[in-house]
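>>> please work out how this folds:
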Amino acid sequence: MQAILDSDIDPQDIISSSRHPKISSIIWGRLRDINLKTDDLELIRENDDKPTWDVNVGLSDEFNKNLASDLMLYIRCQPVAAMVPPKELCGIIVNSYYNRLAASKLTEEDRWTNTTSNRRGNRKTALNKRRKRTYTKHKDAVTEKFNRDYNGVFYRDAMSGDETETDTSVVASRPDWRSDEIMFYIKWFFCCLIPDLARDDLGKRAMQLKLQSHVLVHETIPRGLVTKMPTWSKRI
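This is a model prediction of the structure:
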């Protein structure tokens, strides 16, 4: 570990937390949470007792090298890291330092923006998962109506964009790269089928459902969806 930190870090050796999320979670659990928000004194004391990166010095500083070595020893004892090469573990640890360094340079406005963006992204991911589960549950009914398998269109980046919400309605932006067929299906599935099914499931709580509508906006299809989305779902 120390040999890698003593040399120049190759950007290719830095491993994104998304590649090994469980290991990254272990690392952040061992480090002090600089954004901890709680009134629980015990949790505050536990958090204060944890180490954290010294972002006022480089990664090759003695303190940070020792912390990195301690993290490596701890992670290699975890079952989830059993099949991960040591070099990748180093890359994940190095990534946590640079993430902490970047966070230290954020203004309060930046932090608020990031928090808002993360919440919106998490909400979108959760919503897409719920919609896919609903589709899977009622796939026979959808196939019978449209004679088409829509399983390959449930990607988070393919969802509608920003939403404007009131007490009774939701208006979402709909990218115009979608074909007429997929737009018709989405309108029927999410504006007709799901509300009807939800009313059956929710009973009296169905009154909480909001009217949904969409506004067409010009957007280029995200690069990652060009080959993933079926041809019939995209406007040529």
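>>> give me the domain ranges for this protein.
By the assignment in automatic domain parsing, the chain contains the domains 2-105, 120-233.
>>> tabulate these (TSV), appending distance to residue 112 and mean pLDDT.
Heads up, the C-betas are built off the backbone N, CA and C, glycines and all. Below are the domains of the chain laid out as TSV (distance: least, Cβ to Cβ, whole Å; pLDDT from 0 to 100):
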stretch	distance to residue 112	mean pLDDT
domain 2-105	12	85
domain 120-233	13	73
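>>> could you export the ones you listed as JSON lines, including distance to residue 113 and mean neighbour count?
Formatted as JSON lines, the domains of the chain follow (distance: least, Cβ to Cβ, whole Å; neighbours: other Cβ atoms under 10 Å):
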{"stretch": "domain 2-105", "distance to residue 113": "13", "mean neighbour count": "14"}
{"stretch": "domain 120-233", "distance to residue 113": "11", "mean neighbour count": "14"}
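>>> so which of those domains is nearest residue 111?
domain 2-105 (7.8 Å; Cβ to Cβ).
>>> what's the spacing between that closest one and its chain's center?
Between the centre of domain 2-105 and the centre of its chain there are 20 Å (Cα atoms, centre = their mean, to the nearest Å).
>>> hey, where'd the strands end up in the chain?
Secondary structure of the chain by DSSP state E: the strands cover 163-165, 169-175, 211-217.
>>> for the second one, which strands pair with it and how are they oriented?
Listed by DSSP bridges, the sheet partners of strand 169-175 and their directions read strand 163-165 (antiparallel), strand 211-217 (parallel).
>>> got the CA positions of that strand in PDB?
Provided in PDB are the C-alpha atoms of strand 169-175 (Å, rounded to 0.1, in the frame of the first residue of the first chain):
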ATOM      1  CA  SER A 169     -51.100  17.100 -10.200                       C
ATOM      2  CA  VAL A 170     -47.700  16.300 -11.600                       C
ATOM      3  CA  VAL A 171     -46.300  17.700 -14.800                       C
ATOM      4  CA  ALA A 172     -43.100  16.000 -16.200                       C
ATOM      5  CA  SER A 173     -40.900  16.900 -19.100                       C
ATOM      6  CA  ARG A 174     -40.800  14.200 -21.800                       C
ATOM      7  CA  PRO A 175     -37.800  14.000 -24.100                       C
END
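>>> and the residue of the chain positioned farthest from its centre, how close does it get to residue 219?
Distance from the centre of the chain peaks at residue 62, with 33.9 Å (Cα atoms, centre = their mean). For residue 62, the distance to residue 219 equals 50 Å [Cβ to Cβ, to the nearest Å].
>>> can you check residue 78 too?
Distance of residue 78 to residue 219, given as Cβ to Cβ: 42 Å.
>>> from residue 21, how far off is the closest residue to residue 22 other than its chain neighbours?
Distance criterion Cβ to Cβ, 6 or more residues apart in numbering; nearest residue to residue 22, sequence neighbours excluded, is residue 80 at 4.7 Å. To residue 21, residue 80 is 10 Å away according to Cβ to Cβ.
>>> for residue 88, same thing?
Computed with Cβ to Cβ, the distance linking residue 88 and residue 21 is 13 Å.
>>> may I ask you to name the longest helix in the chain?
Determined from DSSP state H, the single longest helix within the chain is helix 108-137.
>>> and it, how far out from the chain's middle?
On the basis of Cα atoms, centre = their mean, helix 108-137 sits 7 Å off its chain's mean C-alpha point.
>>> so which elements touch it?
Judged by 3 or more Cβ pairs under 8 Å, 6 or more residues apart in numbering; DSSP states H and E, helix 108-137 is in contact with helix 194-202.
>>> and if we set it to 10 Å?
helix 86-104, helix 139-146, strand 163-165, helix 194-202 (3 or more Cβ pairs under 10 Å, 6 or more residues apart in numbering; DSSP states H and E).
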